[in-house]
Structures are given as C-alpha cells and as structure tokens.
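> Just to be clear, the model below is a prediction. Sequence and coordinates:
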Amino acid sequence: MNELQIIFYTSQDYYDSKKQHRKREPNMFTSFRKEKMKRRPANVPIDEYIKDVRRIWKGMSEVENLFLVE
C-alpha cells in the first residue's frame, strides 16, 4: 500500500537551518579587486580596468595574494 507523507516546516525551522550553515570563506580576488576599484582613475573604463587588475593578480604569487588582501 502506498502512503503519502506531508511534512510542514515553519519559518522558524527554515531560519534555524540557515543559521547552522558555515559562512563562506571570502574570495581573495574579489577582495583585491574591490580595493583596486577604490583607486580607479575616472578616465579608464571599468571593463579595461578590471582586465588590468586580473593581469596584476595573475602575475602575483599565491603568497603575495594572501598578504595583499589581509
């Protein structure tokens, strides 16, 4: 015989389940790019500036990346 089960969740159950998740580690490139964007010259388009920031990031070693962001 087939049985149908229905499970109800309250909003408090949903909130409690979300609270238990670990916070994601920050993306180092995103933090680096955010800091560089604060110093972006006004006459340089954003897409070109971000490409330059990417080139700088790729040229750096992992150790340099960690020290620059922290």
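Structure received.

> list the helices and strands the helix ranked longest in the chain packs on?
When the chain is scanned for its longest helix (criterion: DSSP state H), the result is helix 46-59. For helix 46-59, the packing partners by 3 or more Cβ pairs under 8 Å, 6 or more residues apart in numbering; DSSP states H and E come out as helix 28-38. (Glycine included, C-beta is placed from N, CA and C.)

> Recalculate using a threshold of 10 Å.
Packed against helix 46-59, as judged by 3 or more Cβ pairs under 10 Å, 6 or more residues apart in numbering; DSSP states H and E, are the following elements: helix 28-38, helix 62-69.

> contact partners of it?
28-29, 32-33, 35-37, 39-41, 44-45, 64-65, 68 (Cβ atoms under 10 Å, 6 or more residues apart in numbering).

> Sort the residues you listed by pLDDT and name the bottom one.
Ranked by pLDDT, the contacts of helix 46-59 bottom out at residue 68 (60).
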